[in-house]
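Enquirer: What would the 3D arrangement of this be:
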Amino acid sequence: HVQLVESGGGSVQTGGSLRLSCTASGYTNSTYCMAWFRQAPGKVREGVATINSANYITYADSVKDRFTISRDNAKKTLYLNMNSLSPEDTAMYYCAADVGCTGTYWHWGQGTQVTVS
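Expert: Here you go, the predicted structure:
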């Protein structure tokens, strides 16, 4: 049973920084893709950043050059460093895992709130 637990959200002023973490457990497959998504009130969920098992990374245009996704495979932890935050970044942030890199994120965390004012 795959479990993802996010942490690191909070409230920050415009221009500030936060680091989100997502710790995974419950799987042994060494090939997995992971991603960060976010959803603001009244808006559809959007992908923020992805990283595959070869550390190939993609970013949404809205966060490029401000956010950095990374992973520590030994710790089974995914990170999202967020800099130059703006109120438009306010959302619930979710990490997701695609074990086996099948193309579908089947496993999701409970989310961590990021509020920028």
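
Enquirer: could you pull out the strands for this protein?
Expert: 3-7, 10-12, 18-25, 32-39, 46-51, 57-59, 67-72, 77-82, 91-99, 107-108, 112-116 (DSSP state E).

Enquirer: center of the protein, which residue is that?
Expert: Among the residues of the chain, W36 comes closest to the average C-alpha position under Cα atoms, centre = their mean, at 2.5 Å.

Enquirer: State the distance from the residue nearest to that one when sequence neighbours are not counted to Y93.
Expert: Spatial nearest neighbour of W36, chain neighbours left out: V48 (4.3 Å); criterion: Cβ to Cβ, 6 or more residues apart in numbering. From N, CA and C alone the C-beta is placed, and that goes for glycine too. Counting by Cβ to Cβ, to the nearest Å, the separation of V48 from Y93 is 7 Å.

Enquirer: And for R45?
Expert: In this view, R45 and Y93 are 10 Å apart by Cβ to Cβ.

Enquirer: Could you check which of the two has the larger neighbour count?
Expert: Y93 (23 against 13; other Cβ atoms under 10 Å).

Enquirer: pLDDT value on the more buried one, please?
Expert: pLDDT, Y93: 98.

Enquirer: That one and R19 touch, don't they?
Expert: No - in this structure, Y93 is not within contact of R19 by Cβ atoms under 8 Å, at 11.3 Å.

Enquirer: Spit out the residues that contact these two alike.
Expert: L80 (Cβ atoms under 8 Å, 6 or more residues apart in numbering).

Enquirer: Might you report the residue contacts of the nearest residue to H1 once chain neighbours are set aside?
Expert: Once flanking residues are discounted, H1 sits nearest to G26: 4.8 Å by Cβ to Cβ, 6+ apart. Contact analysis of G26 by Cβ under 8 Å, 6+ apart lists 1-3.

Enquirer: quick one: least confident of the residues you listed?
Expert: Where pLDDT dips furthest among those: H1, at 80.
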